[in-house]
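In: When you get a sec, could you give me coordinates for this:
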Amino acid sequence: MQTGHELFVHGLNDMMDAERQLVEALGELAGDSSREDLKTAFEQHRRETEEQVRRLEQCFKLLGETPEDTECHGIRGLVAEKKAFSEEDPSEDLVDVFNVGAAIKAESYEICEYESLVDMAREMKHTKVAQLLNRNLKEEKATLKKMEGFSDKVKPNEMMNEEQRQQAASSSKSSGSRRAA
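Out: Modelled structure (predicted):
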């Protein structure tokens, strides 16, 4: 690799592999989810990701390049981390917490990559390519925001420390005794 153009094409190949890996992973995350709203969010983003792959294919065509098999080690690492977690037989609520965290990590990675690619495309005056990449970037940012919202909602009991459990137990007992009175 000797030129900025070669680096740019390498980045596009990296994102192509990332998005293809995530199409499959998002299907698995949806299947693992115990919450319907979370399942729906993963399925919706899987469909968006399929469209992002098509946009990346358009980028290659506009550049007169052919996608090459490149491994996105960052996303593959996150996929491997999910597989290892699943082998630990986690409870259903912990699966949801882990999956939301995994999605946040993946979205953060993708946002960094797309920001870099958009900047490079603009520098090289690839206006249409920059527009396509920027559309992917906007979708990733929206998904990150959505997943951050889920991280506030998806909290398992196992995350409470002993003092919090005792407070929750005593609070439910006292509210029960008030109802009886």
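
In: who are the neighbours in contact with the residue nearest to the spatial centre of the chain?
Out: Within the chain, one residue has its C-alpha closest to the average C-alpha position: by C-alpha atoms, centre = their mean, that is residue 103, at 3.1 Å. Residues in contact with residue 103, defined by C-beta atoms under 8 Å, 6 or more residues apart in numbering, are 29, 42, 45, 143, 147. In this view, the C-beta of every residue, glycine as well, is placed from N, C-alpha and C.

In: Assess the claim that the last one and residue 100 are in contact.
Out: Yes: in this structure, residue 147 sits in contact with residue 100. The criterion is C-beta atoms under 8 Å, and the distance is 5.6 Å.

In: circling back: which stretch of helix or strand covers the residue nearest to the centre of the chain?
Out: Remark: residue 103 resides in helix 92-123, with elements defined by DSSP states H and E.

In: now residue 137
Out: For residue 137, the host element (DSSP H and E) is helix 127-153.

In: what's that helix packed up against?
Out: Contacts of helix 127-153 with other secondary structure elements, assessed using 3 or more C-beta pairs under 8 Å, 6 or more residues apart in numbering; DSSP states H and E, are made with helix 36-63, helix 92-123.
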